[in-house]
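# Coordinates for the following, if possible.
(one chain, ligands or ions: 1)
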Amino acid sequence: MNQDNKTTDNENFAYGPSPESTEKAFTWLAKSKNNFGHFIGGKFTNPKNTFKTLNPATGKVLARLSNATEEDVKKAVKSGKSAFKTWKNISSFQRAKYIYALARLIQKNSRILAVLETLDNGKPIRESRDIDIPLATRHFYHHAGWAKIYKHKFPGKEPLGVIGQIIPWNFPLLMLAWKIAPALATGNTVVLKPAETTSLTALFFAELCIEAKIPAGVVNIVTGDGKTGSWIANHKDISKIAFTGSTEVGRLLRKNTAGEGKKITLELGGKSAFLVFEDADLDSAIEGVVDSIWFNQGEVCCAGSRLLVQEGIQKNFLSKLKRRMERLHLGNPLDKSTDIGAINSSQQLAKIKKLVASGEKEGAKIYQPKLKMPAEGFFYPPTLLEETHQSMDICQTEIFGPVLTVIPFRTPKEAVAIANNSRYGLSASIWTENINLGLDIAPRLKVGVVWINSTNLFDASAGFGGYRESGYGREGGMEGLREYLTEPIAPEKNKSKKTISKHVPPALPKQRNRIDRTRKLFIDGKQKRSDSGYDRKIFNSKNELIGQVPDGNRKDIRDAVEAATQAGKWKNMTAHNRAQILYYAAENLELRKEEFSNTIQNMTGKDGRHEVESTLETIFHYAAWADKFEGIIHDIPIRGVSLALNEPIGVLGIVCPDKNPLLSFVHLVFSALCTGNNIVAIPSERFPLCALDLYQIFESSDMPAGTINIITGEQDSLTQILASHMGVDALWYFGDGGGSKMVEKLSISNLKQTWVNDGQEYKWIEPFKELMELPLYKGTQVKNVWIPYGE
Ligand code: NDP
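Got it, this is the predicted structure:
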């Protein structure tokens, strides 16, 4: 007690200040006179056209960085392109040694990197020191290993070229590591743009590249604003874009690069659920909440920002949580006892305040502990919003700050429904002592990462990435490496991007006496007339009328998507049962081989026997894969496992080509079926009849209703409807270049995953092995389920 009868910090066991030294970091900044250029072709450019980067904890200027012009970006890409020629050809062992050297150097400089990160970003030193930098180091070590051995896992695959990488401000060096390590390991070169507010550790890393003697041009780092990012993404010599950031910018990048044939991976925002069941270890779950939403001030794409608590424990859990909130330390991020540091920028702080105010206006009850707020800098207290409900903006919009909403649930089924009620799908945490319940819930959540009795665990060996509007592609693990390698391109590839001309029906067709029956659409397991009531005439190669098919329209597509969405049976069947049905389909087709051969001959004028034989083999091929396209177990560095599960994407639209109309249809549709997707297919516009003859095969093979739906008609307009439909999760398009571009552009509505042929032709008969497996990857997304065990 002091003389005023008040307890002092010493007497109540409060932490004393324990600040980390900034001396080395400031010395490093001063060495460049706090002014930085870009890192292009192995050298730093002179600082030019500079802007300030601030310490968000004080608002003071740390350094001035150069804002790249389009010319700078061009130079960086040129240098990446020229370095690619040699970098891709050096031995795997040599590349591995370079990446290993980077890992060693990051590790050696981990303290100064941690301090720089904290100064520039505002995150607590405890986190940059114990999480960001060690994870970045681990990423380089792990990928040094991959550089040596990836060719054994991905035989025949090649690096892509110069990769454009755009990263955000929440985990600056870690995001750089997630991007650069796998790109370099697989023989690519990079042009990376850090976020405007957090470029310093990337510039420090550039110096490490010089020290590690990374060949000039392999790594290029340009600083600047969003414009710089868009110049990188739109540059014609960029082969792939790897982006982490907001869903809005992700959408923009997809739209602006549509039809260019660039690979793109998007790691976007989230609104992740943190589910606490009544049998959970509540004290552990409370610590889980702290790590989930107050780690990095909640500026985490996978932050558990929606707390879902089972009704019976809600009161107790929330009162424990409030007590815990009172004990969080907010303040100087450089202090080792700080739990919550500064928000990265004044703009982000303003955004958080605005969203919380709107939540209160909508009726949410706010709880904030009485913490002493620093007088300067951008700080926001840990915040709990109670009495919220799902339809509130605050429960749907990503806040990217230390703000948690609470919604109660009664049953596991309701918990899943609430968790999935989000346009995002990045991650979820499940807290229960009943492992059966946890493992039952995990596959039902539409997210890319699930943590059971844990949260915010990351590792270089386990892929990270989202479902739905949280983006696509994975970073880390084998699934992440694949993104930096070529996909098998068709041997019959038509290199020019020119549009393949559509078949124009002849003006005056010669009619045959006997007209085949009018076909129907296939929706929800039933044959149906088209909504329009109109039919389209189908002619053979001699211009004779050989049949009529329904002219499907928007309403038919809507019905088909609805049927596919409702049809849960196929996905939930065991893989063995799915395989049985596909084998049975092959068996049924075998009985009608001759009829199908005749239809192909009648439509195309070509002998259809070989195509039907190949079709049978293809169905058998995908039936065989149905119970063998298995996930893997990642060897994560904790006591536990991460199960990488290959899950179906959901409702898949497939637009089929004219070439080999039966075989290409079967390749695409059966591969997507074998991985558990439900399908809306549009057969070849010119040669649709044989796909329609498959109805009986589906019906007689016990395929559940709604699993496969087939709509005939004008491909361009039907594709447009499918591409804009919010209920379609992925769209595969095999038509002309213009259609491919349209599909990619329209896919941004709900960020559906796309696979387009860019107007190139694939070889469907006897395709090489790689093509036979490619659709399996395209039809699935990896969910990583983390299961720690032990004490
Ligand atoms: P942005 O998506 O705006 O920025 C991410 C990166 O993209 C930055 O390097 C940014 O540059 C760059 N960029 C911005 N505009 C363009 C463009 N038109 N073309 C190419 N690149 C561009 O995210 P912010 O950092 O501004 O954060 C906004 C919101 O995004 C957050 O509130 C949060 O909701 C979300 N977010 C999600 C992250 C995640 O990990 N999933 C990470 C960060 C943010 P610059 O820094 O100059 O703006």
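# for the residue of the stretch 151-300 of the chain found nearest the ligand, what are its contacts?
When scored by C-beta to the nearest ligand atom, the stretch 151-300 of the chain has residue 229 as its residue closest to the ligand, at 2.2 Å. In this view, the C-beta of every residue, glycine as well, is placed from N, C-alpha and C. By C-beta atoms under 8 Å, 6 or more residues apart in numbering, residue 229 lies in contact with 166, 193, 249.
# Which residues are in contact with the second one?
Under the criterion of C-beta under 8 Å, 6+ apart, the contact partners of residue 193 comprise 68, 165, 166, 167, 221, 222, 223, 224, 228, 229, 232.
# So among these, which ones count as buried?
Using 16 or more other C-beta atoms under 10 Å as the burial test, the contacts of residue 193 include 68, 165, 166, 167, 221, 222, 223, 224, 228, 229, 232 as buried.
# So which of the residues you listed are in helices?
228, 229, 232 (DSSP state H).
# would you turn the residues you listed into JSON lines with pLDDT?
Output for those, formatted as JSON lines (pLDDT from 0 to 100):
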{"residue": "228", "pLDDT": "98"}
{"residue": "229", "pLDDT": "98"}
{"residue": "232", "pLDDT": "98"}
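# out of those, who's nearest residue 787?
Within these, proximity to residue 787 (C-beta to C-beta) peaks at residue 229, which comes in at 37.0 Å.
# how far away is the closest one from residue 639?
According to C-beta to C-beta, to the nearest Å, residue 229 stands 40 Å off from residue 639.
# now do residue 124
For residue 124, the distance to residue 639 equals 26 Å [C-beta to C-beta].
# which residues in the stretch 51-200 of the chain form strands?
Assigned by DSSP state E, counting those that start in this stretch, the strands in the stretch 51-200 of the chain fall at 60-66, 162-166, 189-193.
# With mean pLDDT and distance to the ligand as extra columns, can I get those in TSV?
Below are those laid out as TSV (pLDDT from 0 to 100; distance: least, C-beta to the nearest ligand atom, whole Å):
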stretch	mean pLDDT	distance to the ligand
strand 60-66	98	10
strand 162-166	98	5
strand 189-193	99	6
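# how about those strands, which one is nearest residue 743?
The nearest among the strands of the stretch 51-200 of the chain, by C-beta to C-beta, is strand 162-166 at 21.6 Å.
# List the strands paired with that closest one, with their directions.
Here strand 162-166 has these sheet partners by DSSP bridges: strand 189-193 (parallel), strand 238-244 (parallel).
# residues of the first one that come out buried?
For strand 189-193, burial by neighbour count (16+ other C-beta under 10 Å) applies to 189, 190, 191, 192, 193.
# Following element in sequence after that strand, please.
Of the helices and strands lying after strand 189-193 in sequence (DSSP states H and E), the nearest is helix 200-211.
# contacts for that following helix?
28-29, 36, 39, 42, 44, 53, 62-63, 65, 102, 105-106, 109, 112-113, 116-117, 119-120, 172-173, 176, 192, 194, 218-219, 221, 223.
# and it, does that touch the ligand?
No - applying C-beta under 6 Å from any ligand atom, one finds helix 200-211 separated from the ligand by no less than 10.4 Å.
# Report the distance from that helix to the chain centre.
28 Å (C-alpha atoms, centre = their mean, to the nearest Å).
# mean confidence for it?
Across helix 200-211, pLDDT averages out at 98.
# Around the ligand, pick out the residues from the stretch 201-350 of the chain.
225-226, 229-230, 233, 244-246, 249, 252-253, 267-269, 301.
# got the contact list for residue 567?
Taking C-beta under 8 Å, 6+ apart as the test, what residue 567 contacts is 524, 678, 704, 705, 706, 707.
# swap the cut-off to 6 Å and go again
678, 706, 707 (C-beta atoms under 6 Å, 6 or more residues apart in numbering).
# Also residue 484?
So residue 484 contacts 182, 183, 186, 188 (C-beta under 6 Å, 6+ apart).
# neighbours around the closest residue to it other than its chain neighbours, how many?
Once flanking residues are discounted, residue 484 sits nearest to residue 186: 4.3 Å by C-beta to C-beta, 6 or more residues apart in numbering. Neighbourhood size, residue 186 [other C-beta atoms under 10 Å]: 27.
# again, but for residue 256
Counted with other C-beta under 10 Å, residue 256 comes out at 14.
# Enumerate every residue touching it.
Taking C-beta under 6 Å, 6+ apart as the test, what residue 256 contacts is residue 234.
# Let's see that with 8 Å instead.
Residues near residue 256 by C-beta under 8 Å, 6+ apart: 230, 233, 234.
# quick one, what contacts the second one?
Going by C-beta under 8 Å, 6+ apart, residue 233 touches 164, 166, 241, 243, 253, 256, 257.
# now do 10 Å
73, 164-166, 193, 241, 243, 249, 252-254, 256-257, 260, 262, 264 (C-beta atoms under 10 Å, 6 or more residues apart in numbering).
# same deal with the last one?
Contact analysis of residue 234 by C-beta under 10 Å, 6+ apart lists 70, 73, 164, 241, 253, 256, 257, 260, 262.
# Of residue 124 and residue 639, which one has the most company?
A side-by-side neighbour count of residue 124 and residue 639, using other C-beta under 10 Å, places residue 124 first with 30 against 9.
# List the residues that contact the more buried one.
Contacts of residue 124 (C-beta under 10 Å, 6+ apart): 20, 118, 130-131, 294-297, 329-342.
# again, only using 8 Å
118, 333, 335, 338, 339, 340, 341.
# Same question for residue 169.
By C-beta under 8 Å, 6+ apart, residue 169 lies in contact with 121, 194, 195, 196, 197, 198, 299, 344, 345.
# which phi and psi does it have?
The phi/psi pair for residue 169 (degrees, to the nearest 10) reads phi -100, psi 0.
# What residues sit buried inside stretch 380-399?
In stretch 380-399, counting by 16+ other C-beta under 10 Å, buried: 380-386, 388, 392, 394-395, 397-399.
# out of those residues, which one sits closest to residue 282?
Within these, the smallest distance to residue 282 is 15.9 Å, found for residue 384 (C-beta to C-beta).
# surely the closest one meets residue 394?
No - counting by C-beta atoms under 8 Å, residue 394 is not a contact partner of residue 384; they are 11.7 Å apart.
# ok so, going back, and the contacts of residue 234, which are buried?
Buried among the contacts of residue 234 by 16+ other C-beta under 10 Å: 73, 164, 241, 253, 257, 260, 262.
# from these, which two are the most distant?
73 and 260, at 16.1 Å, using C-beta to C-beta across the buried ones among the contacts of residue 234.
# Tell me the spacing between the most centrally placed residue in the chain and residue 564.
Centroid check for the chain by C-alpha atoms, centre = their mean gives residue 472 as the closest residue, at 2.2 Å. Separation of residue 472 from residue 564 (C-beta to C-beta) stands at 20 Å.
# about what we covered before: restricted to strands, list the contacts of residue 567.
Here DSSP state E is the test, and the contacts of residue 567 give residue 678 as lying in strands.
# most neighbours, which of the contacts of residue 567?
residue 678 (28 neighbours).
# isn't that one right up against residue 564?
Yes - at 3.9 Å, residue 678 and residue 564 qualify as touching, with contact defined as C-beta under 8 Å.
# what is in contact with those two at once?
The contact sets of residue 678 and residue 564 overlap at 651, 706, 707 (C-beta under 8 Å, 6+ apart).
# who touches the second one in this structure?
For residue 706, the contact set (C-beta under 8 Å, 6+ apart) comprises 524, 525, 563, 564, 566, 567, 678.
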